[in-house]
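> Based on what follows, work out the 3D shape:
(chains A and B)
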Amino acid sequence: MNRRLPPQPHEWIDRTRPVSFTLEGQTFKGFDGDVISSALWANGQSVLGRSFKYHRPRGLLSMADHDINAMYDTPERPNVRGDVTPIEAGMSLAPVNTFGTLAKDKGAWLQTVSRFLPVGFYYQTFHKPKALFPFWEKIIRRMAGLGQVNTDWPAERSVKRYHHTDVAIIGAGVAGLSAAKEAMNAGLDVLLVDENPHIGGSLDTHYPFDEHADGLRESVQALEASPNLTVMTRSYAVGYYGDHWLGVKTPSGLVKVSAKSVVVATGVFEQPGVFRNNDLPGVMNASGAERLVARYGVAPCRVGVVLSANPEGVQAALNMIRAGVTVKALLHTGRLSADVRASLTEVGVHVYEGVESPEALGKQTLQGVQFEAGSQTHQLECDGLMMSFGWAPAGALLYQAGARFSYSESLAQLLPVTLPEGVFACGRINGVFDLQDKAQDGARAGRQAALFAKGQPLDPGIDEAGFRAKQAHSHPYPIWSHPKGKNFVDMDEDIQLKDLKAAIAQGFDNVELLKRYSTLGMGPSQGKHSNMNGIRILARLTQKTIVQAGSTTARPMFHPVPVADLAGQRFRPRRQTPMHDWHATHQAQWMETGPWYRPEYYATESDATASIDAEIDAVRRKVGLIDVSTLGKLTIFGPDAAEFMDRAYTMRMANMKVGTTRYGLMVDDSGVVIDDGVVVRFDEETFYVTTTSTGSDQAYQLLTRKVIEWGLDVIVLNRTGQLAAMNLAGPFSQALLQEVVTQPDFDLSLTGFPYLAARETEVCGCAVTLVRVGFVGELGYEIHCQQADALTIWQGLFAKGERYGLRPFGVEAQRQLRLEKGHIIVGQDTDGLTHPFEASLKWAVHFKKPYFIGRSALQRHKARTQRQLVGFELPLHQPLPEVSNLVIAGGQIRGRVTSVGRSRTLNKIVGLAMVDVDWLQNATLLPIRLSHGPSVEAKRVSLPFYDAQGERQNQPLSLDEPQEANQ
Amino acid sequence: MKFVECAPIGRRALSEFVYAGPVRKEPRNETVSDADLSEFLYYHWNQPAVQTELWQHRPTGIWFYFERDTATDRIERVYPATKGAAQ
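A predicted model of the protein is given here:
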């Protein structure tokens, strides 16, 4: 059966360009411009999909992106919507929700047992016994899913873009276009967003033969040529995010739109009637039938009947006749005026008025309609039933913007009553239905939006409600119960009237509860054709008004957005140190730490563990060099610098001697450890501090903020990017450094340059600051220098370092080295609640100062310490616990592992755990539950694991001494 | 997108700023009671109102006071934070 009509005046298809595609292996032919559903329907296919729960045959409904039952998988994409996706040559489609084929779906038996699958069935049935749930879950998941995701998908990353405009107009129908024209006449830039491939909205589908529409159509063409207008077609405004900031999903990715004012002309969703078999293929919305005819030149049926409650139904019947579709009758729920009745009978449409209790007849597809009129029951044969019952606002954007809606009894429609500043609504969403009125209402909104965008006062003489319809265009209750049911409220989720009745009877009589319990409006179309009827039912059954029944929140995204579009492309800075290229050419394996790229290790050996162990070994027995340019680096100077440092850090800083360093621990107001580093005092009024690599921005913010709050005469300078740093560590570090220090007579001896001292000198001809640090537990020197000099020094050290066995080491080796030494890493061994007394940093808190950040809180924490960081060890061959494995004793969680590693240096596994103090009292063993189930008993040991006396700081090696360092 | 008019640096996207919370007075640590300290640390006054907040403009490092209505998210007034101004 061929349903293609003769050419229609404004059709989107190109009949000179045929396109072939396949569904379930069968070939179909359509035209360029067809969507999947229109091409299938044109070929006589009436079953386009199967329903979600009962696998009932389904056809067309809206042709407006809400036909969830006509959904397909292609080899590349799941859940392609048939009613809006253009056909492509060679496209291969499979329906998403069939067991078998569309024609014979083995799941269809489910509808025969539907009375045993009441609302809430899954919640009530499968939750016990709990042990069986995994069994049921597998079955439910198979039954409940829609499309299949191809996990072998190609990585796609679309581009995210920004667009700035004066006025953004959502919806390019009559009202939206009129608004655009008005705003452009005011000299403003306008962005027009529409979901369709062509602008015009209902102009071409509902008014294809209307002479008034022709003038508007011409002005549309004139608009499109203007340079002030940007048009985004096939695009959805998916969310409103405050201050006129919109997300627009376009075919080529997400666009973030910033506008000065917004006009919402998104229109309305046609709502189906709820009556027996209202889901049979052949029953559809009248606006869907109009789209099918006007855009694709496809007849909705051979012989049709229109079931209507409003003027749009009458117009649809007349449009069908003009297009060449037979409409045998119009069933009207109310009364028609004599001239309207005459206009219908004139073209052969029989009119029934006062129609009640419609019922669709047929098995696989529609074969007729039964209804009551004039206290008689009538039956008509037909293969198409076009419903025109009324409208619900496409109001998601307005709701998100903070608009309030109220139900107008006279229009039987929800209308916006208060709009946020700079947001304007017009057209059918504003209750305006007549063609001329929509144009004028659009112009009104456009004028106001333009005034707002220019920062001028709005025209107070304009009435937002001035063009609204005087009579209802929606049926107040298009719902008819039937003893045999199958009257669907939600076609996505197969929810019948009785399901909502049962849910309400069970006490789920609040709109939010009803939604979640029955899943009304929770399918892919998100209630666009079901929520309004659901609210009407709830209101009637609970004897409330529509407003009292309420509505659910429409959150962004309004429409499904592919994850690839949300992800976009990487759009954040990536920081590299001056040694980046050197690392890259030396097999560095990268890791991201905040914005930085750092070498995790250098892949010099057969695998990662061997490489890291070799790096550790070099530091312990010879010498290693690590790039620590990522450390935050701040200079703090001014007359009040010492006072400032005393207040900002937990330790005393004002009494530091020039040329010395001190551990710098930062806590917040509540005493929680937030950062640490090294503090150097260069002179009375100048300090230099390092912070953790990822915490530098926050530390800088906190310190600059405190300068203001405390009103001290001090300046905090962020030098993180300006300076570079590296740490030379190991028993040969002093000997190697001696070779590259270019300042004559510089005293590098252990007594002349003791542990924790700082010196300014010259290395490889470059000015540097040297700091004797012990983070990795060996004699070592941090070298801070200008960025531009860093590579010279780095390469200078390697030029002389070969005979000392110098190796670069990465972050992973450093972590292991410091763990052996029992040094913590803020953010790894501490969490969002850890204070210094828990982290064994009591020595770093000096209460003798009158004030420092967190002092009051720490005074209290000191007496109430509940957790403590302790060391543990295990034999080397034991399975390695992982970070965050729990310490569980007597069935109680007593702590968790914060750091752990296999130490070749110490020949055992060592780790740190944060453990409850009261349990710890008499515990010598920590039972650690491993990730895969079993527990290991770790021995509690005191810290540090390595070199408890700190002797390594004073044991330099030189090449003259033949032996290497003892372990 | 939210834009902020800042006298010294002009019209700026809010995304260039970092929020550092409302201006609050820290209790004096010598005398503060447990109740007052926990009020300051853990209980935040969260009713809709116009409040003075500290925001840092990240690219320049300049701190500003925003007087912002937390009910409407409208920024009523912006001025540079000067030393000691919060006290």
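
> And the one residue sitting closest to the centre of chain B, how close does it get to A:A618?
The centre of chain B sits closest to B:E53, judged by CA atoms, centre = their mean, with a distance of 1.4 Å. For B:E53, the distance to A:A618 equals 51 Å [CB to CB, to the nearest Å]. Quick note: C-beta positions are derived from backbone N, CA and C, even for glycine.

> Excluding chain neighbours, what is closest to residue 55?
Went with chain A since none was named. A:G107 (3.5 Å; CB to CB, 6 or more residues apart in numbering or on different chains).

> wrong one, chain B
B:W55 sits nearest to B:F17 (CB to CB, 6+ apart), 4.5 Å away.

> Report pLDDT for that neighbour.
Per-residue confidence at B:F17 stands at 96 (pLDDT).

> do the same with A:N966
On the pLDDT scale, A:N966 gets 45.

> Check the contact between A:P7 and A:R15; I expect there is one.
Yes. Assessed by CB atoms under 8 Å, A:P7 is found in contact with A:R15 at 6.8 Å.

> For the two, list the residues in contact with both.
Applying CB atoms under 8 Å, 6 or more residues apart in numbering or on different chains, one finds that A:P7 and A:R15 are jointly contacted by A:G297.

> Those two: who's more crowded?
Under the neighbour definition other CB atoms under 10 Å in any protein chain shown, A:P7 and A:R15 were set side by side, and A:R15 has more, 12 against 9.

> and that one, that's in a strand?
Yes. Counting by DSSP: H, G, I helix; E, B strand; the rest coil, A:R15 is part of a strand.

> Could you pull up the contacting residues of it?
A:P7, A:F31, A:G297.

> got it, and A:G822?
Contacts of A:G822 by CB under 8 Å, 6+ apart are A:G871, A:L912, A:L943, A:P944, A:F945, A:Y946.

> May I ask you to confirm that it belongs to a strand?
No. Counting by three-state DSSP, A:G822 is not part of a strand but coil.

> circling back to that earlier point, of all the contacts of A:G822, which comes closest to chain B?
A:L912 (27.2 Å; CB to the nearest CB).

> Please name the bridge partners of residue 4.
In the absence of a named chain, this looks at chain A. Bridge pairing for A:R4 (DSSP bridges) gives the partners A:V298.

> looking at chain B here, not the other one
B:R12.

> For it, which residues are in contact?
Residues near B:V4 by CB under 8 Å, 6+ apart: B:R11, B:R12, B:A13, B:L14, B:F17, B:F66, B:I75, B:V78.

> coming back round to it: who wins for most neighbours among the contacts of A:G822?
Using other CB under 10 Å as the neighbour criterion, A:L912 leads those with 25 neighbours.

> what kind of secondary structure is it in?
strand.

> Quick one: low-confidence residue ranges for the chain.
Went with chain A since none was named. For chain A, the stretches with pLDDT under 70 are A:113-117, A:121-129, A:136, A:139-146, A:961-967.

> You answered for a different chain; I wanted chain B.
Using pLDDT under 70, chain B drops low at B:84-87.

> What segments of it are strands?
Under the criterion DSSP state E, chain B carries strands at the ranges B:3-6, B:10-13, B:17-22, B:50-57, B:62-69, B:74-80.

> buried sites along the first one?
It stands for strand B:3-6. For strand B:3-6, the neighbour count (16 or more other CB atoms under 10 Å in any protein chain shown) marks B:F3, B:V4, B:C6 as buried.

> The fifth one too?
Applying a neighbour-count criterion of 16+ other CB under 10 Å, the buried positions in strand B:62-69 are B:I62, B:W63, B:F64, B:Y65, B:F66, B:R68.

> Which positions in chain A make contact with chain B?
A:242-245, A:256, A:258, A:669-670, A:700-701, A:704-705, A:707-712, A:718, A:850-851, A:855-857, A:859-860 (CB under 8 Å from any CB of the partner chain).

> Strands - which of these land there?
Using DSSP E, the subset of the residues of chain A next to chain B located in strands is A:W245, A:K256, A:S258, A:N718.

> Provide a list of residues in contact with residue 75.
Unless you meant another one, I'm taking chain A. Taking CB under 8 Å, 6+ apart, one finds A:S92, A:N150 in contact with A:P75.

> Please refer instead to chain B.
B:K2, B:V4, B:F66, B:E67, B:R68, B:D69.

> let's see 7 Å
For B:I75, the contact set (CB atoms under 7 Å, 6 or more residues apart in numbering or on different chains) comprises B:V4, B:F66, B:R68.

> Please apply the same query to A:A360.
A:A360 neighbours (CB under 7 Å, 6+ apart): A:R276, A:N277, A:N278, A:L280, A:V283, A:L366, A:V369, A:L385.

> Apply 8 Å and report the result again.
Neighbouring residues of A:A360 by CB under 8 Å, 6+ apart: A:F275, A:R276, A:N277, A:N278, A:L280, A:G282, A:V283, A:L366, A:G368, A:V369, A:L385.

> As CSV, those residues with neighbour count and secondary structure would be great.
Below are the contacts of A:A360 laid out as CSV (neighbours: other CB atoms under 10 Å in any protein chain shown; DSSP: H, G, I helix; E, B strand; the rest coil):
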residue, neighbour count, secondary structure
A:F275, 28, coil
A:R276, 23, strand
A:N277, 24, coil
A:N278, 27, coil
A:L280, 26, coil
A:G282, 26, coil
A:V283, 29, strand
A:L366, 25, coil
A:G368, 17, strand
A:V369, 27, strand
A:L385, 30, strand
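
> Any figure for the gap between the closest residue to A:Q866 other than its chain neighbours and chain B?
Among residues not flanking A:Q866 along the chain, A:V917 sits closest, at 5.6 Å (CB to CB, 6+ apart). Using CB to the nearest CB, to the nearest Å, we find A:V917 at a distance of 21 Å from chain B.

> Many thanks, have a good one.
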